[in-house]
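Q: Sharing a model prediction with you, sequence too.
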Amino acid sequence: MEKSERIKELVELLNRASKAYYQDAEEIMSNFEYDKRYDELVELERETGMVLSNSPTVNVGYEVVSELPKEQHDQPMLSLDKTKDVEALKSFLGDKKGLLSWKLDGLTVVLTYRNGTLQKAVTRGNGQVGEVITANARVFQNVPISIPYQGELVLRGEAIIKYSDFEIINSEIEDVDAKYKNPRNLCSGSVRQLNSEITAKRNVNFIAFALISAEDVTFDNSIEQQMKWLQQQGFETVEYRMVDANTMEEAVAYYGEKVKTYDEPSDGLVLMFDDIAYGLSLGRTAKFPRNGIAFKWEDEQAETTLTMIEWSPSRTGLINPVAIFEPVELEGTTVSRASVHNVSIVEELKLGEGDRIKVYKANMIIPQISENLTGRGMSIPPETCPACGGKTIIKNDNGVKTLYCPNEECPAKHVKSYALFVSRDGMNIEGLSEETLEKFIEKGYIQEFADLYHLDRHYEDIIAMQGFGEKSYEKLQKALEKSRKVPLHSLIYSLGIPNIGVANAKLICKAFQYDVEAIIKATPEKLTEIDGIGEVMAEKFCEYFREEKHTTALRNLLEEVEVEAVETNEEQSMEGLVFVVTGSVNHFPNRNAVKDYIEQRGGKVTGSVTSKTNYLINNDATSGSSKNKKAKELGIPIITEEEFLEMW
């Protein structure tokens, strides 16, 4: 194995071991093994001069700037001419050889190295002037901050965020409207952050695709040799294939199949002459260099019949038109709907029920309408909002018409509150994802919490919905029935009262002896008598129930659910004690059960060890977990479950 590959392997392994140890409280290798591999990495970095930005030997100092300075490129960065025709690629290449590679969909960045060290990183910008992002480039996942080569090196590459990382980042964002639309948008914002610590958390990767200059290095007049040399310096280069006119179709087909599951965002291919001198001799036009050409995927189109335009309310108030059509196969999947974006496009395409339309997947991913073959123009925007029934308005911004619901109480604008209502700590209704709730609200099935228990009124429509069916409906109904019996604190938490979490809801329910009416009529003075409830929280709580719509919604809900009886005579033997529970448990079903046991006896459970913690419950008192370390530092007793149960 080459030393550069071994360095990458060790960096990945040691980082994985550190994450397991410090974040997950697990050990995947002994301290001896870690130290041995760490020393090997240090020696290899010393021998090769190659140090990756995410190496555990590097202490990253994050930088914060007030703005990104601008800088003019030494050479203008022109775009390539484009084609969708494989024959055009073969004709372009003629009898020469070329490199066919991915056209990655991220943000182009120029890196400059001097004396083996990363000196500067600049975005493409408008091709003439870019933004200096050196501090951010130093925290890209795979950028070498030191390389063996000591001369001046300038190269270009694409900063990208992989689909797998994009999905993880988006999954952690609860607000649907705040989610990123695609990896390119997320990457662009991540690369151009003023705080490099934020960039570091976004898992940005740099994929080199062109060597611009390297003093006193010859590459046998071959771009392929340049790529191999960059790999030896520690750079990850774009995947490429050496092609000629005879192998072009097979190579394009290879990429066409791979793009369907490829983790790195790509919107096409790039073909460059391998012969550097020949490519440069061709010069350039006013717009394009002649040594390369971009290939955009030919969009597969299908003809189908438009069945309706569905108007879909959103959290922002916009009501978006969605074309529903007879299902067709596109790029290996069945599609039956496509966003039309706004009223202007509906009018421009003259879309109406029964029209014959052509549909395609933009960049092989997003269904779109390309053409209306009949143009009946019958779809009229609704005068009332499908979610709340309020009157709609049409806005005209710079010639673009959009349909909008101005009602601030529209359920579509409060999807998040319904998501909290059905959450595990709330009513615990499985099978109701945020996306499903959004669909139900859009169609007007849900306008208040109690409506969830009457979804049977929409049985026929629900089982006909995309992604739903008889089994999904039955599963949802079982979950709803199960949720009809609920602890009062879960019910109170599920209402989404500002600042009221599960723990506070439990305190309030206990203080008012689980009397719903007493809780509704609580005064700020009474609430602040509860240890842990402050003035602001008390006022917000009372403010919530002063609004008649909230008390009405709760009373309607109480018609559907049964509040579980609570035994209030449990001995409060843990009153005033604070516990932290970590690791696996043996005598309880899970850690939440331990928490319930403690809280029923007057104790409190928190998530982190502080000076206020009385006991840390951990069956592995010798582990090197962060909680154990903190407890030992503060002199807090670490006890096992057996010891805990013996004490209480």
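A: Perfect, I can see it now. Residues are numbered from 1 along each chain as shown.
Q: can we go C-alpha only for contacts and neighbour counts from here?
A: Fine.
Q: confidence score at the closest residue to Ile639 other than its chain neighbours?
A: If the residues on either side of it in the chain are set aside, Ile639 comes closest to Ile617, at 5.0 Å by Cα to Cα, 6 or more residues apart in numbering. With respect to pLDDT, Ile617 scores 92.
Q: Equivalent analysis for the one 3 residues further on, please.
A: Confidence at Asp620, expressed as pLDDT, is 82.
Q: did I read that right, it in a strand?
A: No. Using DSSP: H, G, I helix; E, B strand; the rest coil, the secondary structure at Asp620 is coil, not a strand.
Q: Would you state the strands of the stretch 51-200 of the chain in chain order?
A: Here the stretch 51-200 of the chain has its strands, by DSSP state E, counting those that start in this stretch, at 51-52, 70-72, 82-83, 98-104, 107-114, 117-123, 129-131, 144-146, 153-160.
Q: For Gln447, which of those strands is the nearest?
A: Closest approach to Gln447 among the strands of the stretch 51-200 of the chain is made by strand 153-160 (41.2 Å; Cα to Cα).
Q: Pull the distance from the closest one to the chain's centre.
A: On the basis of Cα atoms, centre = their mean, to the nearest Å, strand 153-160 sits 25 Å off its chain's mean C-alpha point.
Q: okay, it in PDB with CA atoms only?
A: Backbone C-alpha positions of strand 153-160 (Å, rounded to 0.1, in the frame of the first residue of the first chain) are rendered in PDB as follows:
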ATOM      1  CA  LEU A 153       1.000  24.600  -7.000                       C
ATOM      2  CA  VAL A 154      -2.300  26.000  -8.200                       C
ATOM      3  CA  LEU A 155      -5.200  23.600  -8.800                       C
ATOM      4  CA  ARG A 156      -9.000  23.700  -9.200                       C
ATOM      5  CA  GLY A 157     -11.500  21.400  -7.700                       C
ATOM      6  CA  GLU A 158     -15.100  21.200  -6.600                       C
ATOM      7  CA  ALA A 159     -16.200  21.700  -3.000                       C
ATOM      8  CA  ILE A 160     -19.100  19.300  -2.500                       C
END
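Q: so what strands line up beside it?
A: Strand 153-160 pairs in its sheet with strand 107-114 (antiparallel), strand 205-214 (antiparallel), by DSSP bridges.
Q: Which stretch among these is buried most, on average?
A: Neighbour counts (mean count of other Cα atoms under 10 Å) averaged over each of the strands paired with strand 153-160 peak at strand 107-114, with a mean of 22.
Q: quick one: contacts of it?
A: 118-124, 150-160, 184, 187-188, 191 (Cα atoms under 8 Å, 6 or more residues apart in numbering).
Q: Which among those count as buried?
A: Neighbour counting with 16 or more other Cα atoms under 10 Å marks 118-124, 152-160, 184, 187-188, 191 as buried within the contacts of strand 107-114.
Q: Report how many residues lie close to Ser164.
A: Other residues within reach of Ser164 by the criterion other Cα atoms under 10 Å amount to 12.
Q: Correction: the previous question concerned Glu646.
A: Around Glu646 there are 8 residues (other Cα under 10 Å).
Q: pretty sure it is in a helix, no?
A: Yes. According to three-state DSSP, Glu646 belongs to a helix.
Q: Check the gap between it and Ile223 for me.
A: 73 Å (Cα to Cα, to the nearest Å).
Q: Now do the same contact list for Asp267.
A: 103-105, 296-297, 363.
Q: Tell me the backbone dihedrals of it, please.
A: phi -120, psi 20 (degrees, to the nearest 10).
Q: Pick out the residue closest to the middle of this structure.
A: What sits nearest the mean C-alpha location of the chain, by Cα atoms, centre = their mean, is Asn170, with 1.5 Å.
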